[in-house]
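[1] Build the 3D model from these lines:
(chains A and B)
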Protein chains: 2
Amino acid sequence: MANEEVKLYGMTLSPFVLRVEWALKLKHVEYKYVNEDLKNKSPQLLQYNPVHKQVPVLVHNGKPICESTIILEYIDEVWKNSCPLLPLDPHEKAVARFWAKFAEEKCLHSSFDVMSNAGEELKKAVEELKKNLKTLEGYLEGKKFFGGDIIGLVDIVAGWIPCWLPMIEELVGVTIVNEEHLPLIKAWMHDVLELDVVKETMPPLDKTAAHMKAIRENVLAAKSI
Amino acid sequence: MANEEVKLYGMTLSPFVLRVEWALKLKHVEYKYVNEDLKNKSPQLLQYNPVHKQVPVLVHNGKPICESTIILEYIDEVWKNSCPLLPLDPHEKAVARFWAKFAEEKCLHSSFDVMSNAGEELKKAVEELKKNLKTLEGYLEGKKFFGGDIIGLVDIVAGWIPCWLPMIEELVGVTIVNEEHLPLIKAWMHDVLELDVVKETMPPLDKTAAHMKAIRENVLAAKSI
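    Numbers count the residues shown, from 1 in each chain, chains lettered A, B, ... in the order given. The predicted structure is shown next:
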């Protein structure tokens, strides 16, 4: 489409922003990245996302779209002629949405619990995350990616796993994914990290690890008060 | 569509099942309702929704779809020729999805907090729910329903408010919606309750109130252990 203006308000260390970058790059959509300092948010961000005041926000020809999963659906619908993120068949589409929601609400949330607990609570959180990843793995059977031969909505929503989970494991000092317990997830993580779109957008690992360490320390400190 | 088989696995007192019933009735889709006893779930429910083992499940020509908001999107896509639940324009659609997500994740969750707290925590939860409803009210400005002249996705997802919230207010002994603080939400609640589709499907109020009272008592008892 000609004369389009696509802006992405983001922050380098956010896995939610990364989702949108992957989708735009997969669709070959040119966009301007506006980096936000979340400690000093721009008037534009507050104007475009007055409810949550968070990144990512996609602004397409002046109109803002908020919430990463909603942005992904928007991108797939507007730039529909290349690299579909969702299946066309309504039932297959509903199944993909189901697993994207599961990856978000179960797997991601239990990874937050791993990040923000220690001792017995950490052990429980690790078991819960392993159980959820095992359930998610069922949708990967017989396929390279959740989307089939190429990545789709579920791969993108679950994309924090290959990029962030190894850092969480190291930070917390546990092993969550291994070849014995989660062989398909392990292979999928490797395949995702080999994709050009992922390599091009990978945040600096040292900064990301330091950012996560700070989050964990703050949460644990707040709990001990 | 001819020779279609549409079954809805539900439970009379579930606001999530009610969403699906409203959508099917708005679209004039004939369906068979299979009532589930959640204390003794049927093999069919466990087969169709092995991950969450919950209602609602819509089974369309033998294929199951789970999670009420995903079922609503499916229904809108498959039976697209009558009573659209989502706008056709991709940006307006994204905005409707944003508010449906807000109604689900913010308003509904804070109503659970109201249901499951007492004392100071209850006061906080009531203020949080009021704040969230005030934010949601912004999307109603200048319209009769969130969907415009007719109800749409956001009205259906937020449909627990007119049906359940007055019961929560009575059960807990607080006023959350009034004409002074939330005049548009108040008027919208009245208009929703006047719709035929809502009147036809309204669960028995005495049973629903008793069910909610039991939930509240169980949660408060568990917290006091």
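[2] what about A:D155, neighbour count?
    29 (other CB atoms under 10 Å in any protein chain shown). Where you see a C-beta, it was placed from the backbone N, CA and C, and this is true even at glycine.
[3] Also the one 5 residues further on?
    The local packing of A:W160 (other CB under 10 Å) involves 20 other residues.
[4] wait, doesn't it sit right on A:H109?
    No. If you go by CB atoms under 8 Å, A:W160 and A:H109 don't touch, sitting 11.7 Å apart.
[5] how about low-confidence regions in chain A?
    Counting by pLDDT under 70, chain A has low-confidence residues at A:1-2, A:225.
[6] how is it carved up into domains?
    According to automatic domain parsing, chain A comprises the domains A:6-78, A:90-224.
[7] does chain B sit close to the shortest one?
    What that stands for is domain A:6-78. Yes. Interface with chain B: domain A:6-78 contributes A:51, A:60, A:63, A:65-67, A:70-71, A:73-74, A:77-78 (CB under 8 Å from any CB of the partner chain).
[8] Now which of those would you call buried?
    With neighbours counted by 16 or more other CB atoms under 10 Å in any protein chain shown, the residues of domain A:6-78 next to chain B contain buried members at A:51, A:60, A:65-67, A:70-71, A:73-74, A:78.
[9] So which of those residues sit within strands?
    A:60, A:65-66 (DSSP state E).
[10] Pick out whichever of the residues you listed sits closest to chain B.
    A:I65 (4.6 Å; CB to the nearest CB).
[11] hmm, back to that, can I get the residues of domain A:6-78 next to chain B in TSV with distance to B:A209?
    Output for the residues of domain A:6-78 next to chain B, formatted as TSV (distance: CB to CB, whole Å):
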residue	distance to B:A209
A:V51	32
A:H60	46
A:K63	43
A:I65	40
A:C66	37
A:E67	34
A:I70	35
A:I71	40
A:E73	37
A:Y74	40
A:E77	42
A:V78	46
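[12] Tell me the one among those residues nearest to B:S224.
    A:V51 (35.1 Å; CB to CB).
[13] which ones are touching that closest one?
    A:66, B:98, B:102, B:135 (CB atoms under 8 Å, 6 or more residues apart in numbering or on different chains).
[14] again with A:G119
    Neighbours of A:G119 in contact, by CB under 8 Å, 6+ apart: none.
[15] would JSON lines of the ones in strands among the buried ones among the residues of domain A:6-78 next to chain B with distance to B:M167 be doable?
    Converted to JSON lines, these look like this (distance: CB to CB, whole Å):
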{"residue": "A:H60", "distance to B:M167": "42"}
{"residue": "A:I65", "distance to B:M167": "35"}
{"residue": "A:C66", "distance to B:M167": "32"}
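[16] rewinding a little: which one (most neighbours) among the contacts of A:V51?
    A:C66 (24 neighbours).
[17] from what I can see that one touches B:R97, true?
    No. Applying CB under 8 Å as the test, A:C66 and B:R97 come out as separate, 10.0 Å apart.
[18] is it true that A:E137 touches A:K186?
    No. The pair formed by A:E137 and A:K186 falls short of the contact definition of CB under 8 Å, at 9.4 Å.
[19] Neighbour count for those two, which is higher?
    A:E137 (18 against 15).
[20] sorry, back to before: return the most buried member of the domains of chain A.
    When you average the neighbours per residue for each of the domains of chain A (mean count of other CB atoms under 10 Å in any protein chain shown), domain A:6-78 leads with a mean of 18.
[21] Just give me how far it sits from the chain centre.
    13 Å (CA atoms, centre = their mean, to the nearest Å).
[22] now stretch A:154-163
    5 Å.
[23] and that stretch, anywhere near chain B?
    No. Stretch A:154-163 lies out of reach of chain B by CB under 8 Å from any CB, never closer than 12.9 Å.
[24] on that earlier part again, got JSON lines for the contacts of A:V51, with distance to A:Q47 too?
    JSON lines is the format used below for the contacts of A:V51 (distance: CB to CB, whole Å):
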{"residue": "A:C66", "distance to A:Q47": "12"}
{"residue": "B:F98", "distance to A:Q47": "15"}
{"residue": "B:F102", "distance to A:Q47": "18"}
{"residue": "B:T135", "distance to A:Q47": "16"}
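[25] Noted, bye for now.
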